[in-house]
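Asker: here are the coordinates; sequence isn't available:
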Ligand SMILES: O=P(O)(O)OC[C@H]1O[C@](O)(CO)[C@@H](O)[C@@H]1O
């Protein structure tokens, strides 16, 4: 087992020469990211410039929250939700930690009514997260849950149970936070929502759930400190770009561990919002294997050849189970899962589908921190190769404007 995250391009249909030819463009992209001159690149140096006092404060506040509540409701959407959800699912919740549930992730009355019912019977804290402070889903859910919290505890106690993470100065949420005196954290202005998981946006909920956020940051730091980003992210970026140039328009991102489902959702936002503009970009799709082999396997093998596959391979499982009886007697689940992955890669690549495999030594906080940084860099570099700005999302505004007209 390697001690690093590795990218295997042997079944990608690309040659190392093709990857090497992109080196100059990649170096230019890296220079731009490190120069500090581009807007929204605060995440690049973040793991190297950690504010120890801020880390202490996040840990102290997370301890308070853990004593205050059994149910921690985090209200936010997109980059103000997916990073925390993904990390908590992947790393698990400590037995003594409150349950972490999410609100404002849709506009379903049914979803939120159920969560409100659950809230009635439990000790609760709220954490509202919004960089802009104006997102419709977040604003609607926060005001509904805040009203319920005040009914439950009275105004003064409710204020002690509301935590806000938002811009330092701008937006209605910052204004309310200052007026009401909520405990709050800042989303740095030079870090966009989808790159913000290693700020309090992700770190506070992840710490409340009991994962080791120091180790998570250490993982990211190891990656960021590697000279000239001498890890496989830039090669992965080059491969993704070359496959787009060769006519592939969909990246089918696959995992064999259900705990990674939301990690793929996080990648979908990261890649989709960063790359999908000016008529270009790879459409990021997520597949959960082996489950989806029994629904999508046929398409993957013989369907329209618009996609390539990226496989997230966790090399070491923390537990294993052995089949006690029947034709598979003596085989372990991990053996079977591995056999499925190898067989699928072989069958699909032999049929002409390019397959990229990303080997991840294991799913703990340290490697998870590495993974976050690995994908953020891959994303920014690929978008720059595509010639688009990885840090804006001008297209999102169009539907928001139309939606607001309907409200
Ligand atoms: O943190 P905010 O400002 O509420 O935004 C939430 C999400 O909405 C978006 O602006 C897209 O709708 C994302 O870029 C962002 O992560």
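Answerer: Sure thing, it's come through. As the structure is a prediction and not an experimental result, all values here were calculated from the model.
Asker: got the residues of the chain near the ligand?
Answerer: 77-80, 130-132, 135, 138, 193-194, 273, 393, 396 (CB under 6 Å from any ligand atom). Where C-beta positions appear, they are placed from N, C-alpha and C, glycine not excepted.
Asker: can you check the pLDDT for residue 1?
Answerer: Each residue has a pLDDT score; the one for residue 1 is 47.
Asker: next: residue 118.
Answerer: The score at residue 118 is 97. That number is its pLDDT.
Asker: helix, strand, or coil at it?
Answerer: When classified by DSSP: H, G, I helix; E, B strand; the rest coil, residue 118 comes out as helix.
Asker: out of the residues of the chain next to the ligand, which are buried?
Answerer: Neighbour-count burial (16 or more other CB atoms under 10 Å) applied to the residues of the chain next to the ligand gives 77-80, 130-132, 135, 138, 193-194, 273, 393.
Asker: quick one: the helices in the stretch 151-300 of the chain?
Answerer: Per DSSP state H, counting those that start in this stretch, the stretch 151-300 of the chain carries helices over the ranges 155-160, 172-180, 200-208, 213-225, 233-245, 261-275, 293-302.
Asker: now the angle from the fifth one to helix 213-225?
Answerer: Okay, so that is helix 233-245. Here helix 233-245 runs at an angle of 70 degrees relative to helix 213-225 (axes from the mean of the first three to the mean of the last three CA atoms, to 10 degrees).
Asker: one more: the last one?
Answerer: With the same axes, to 10 degrees defining the directions, helix 293-302 sits at 10 degrees from helix 213-225.
Asker: got it, and the second one?
Answerer: Here helix 172-180 runs at 140 degrees with respect to helix 213-225, directions being taken by the same axes, to 10 degrees.
Asker: give the buried residues for helix 172-180.
Answerer: Buried residues in helix 172-180, counted by 16+ other CB under 10 Å: 173-174, 176-177.
Asker: what does the fifth one give?
Answerer: Counting neighbours by 16+ other CB under 10 Å, one finds that the buried residues in helix 233-245 are 233-244.
Asker: same question, the last one
Answerer: When burial is assessed from 16+ other CB under 10 Å, helix 293-302 yields the following buried residues: 293, 296-297, 300.
Asker: among the buried ones among the residues of the chain next to the ligand, which are in strands?
Answerer: Members of those lying in strands (criterion: DSSP state E): residue 130.
Asker: redo the buried ones among the residues of the chain next to the ligand as TSV? Include pLDDT.
Answerer: As requested, these are exported to TSV (pLDDT from 0 to 100):
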residue	pLDDT
77	98
78	98
79	98
80	98
130	98
131	96
132	94
135	96
138	98
193	97
194	98
273	98
393	94
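Asker: name the element residue 313 belongs to?
Answerer: Taking DSSP states H and E as the definition, residue 313 sits inside strand 307-316.
Asker: can you give me the mean pLDDT across that strand?
Answerer: Confidence over strand 307-316 (mean pLDDT, whole number) is 97.
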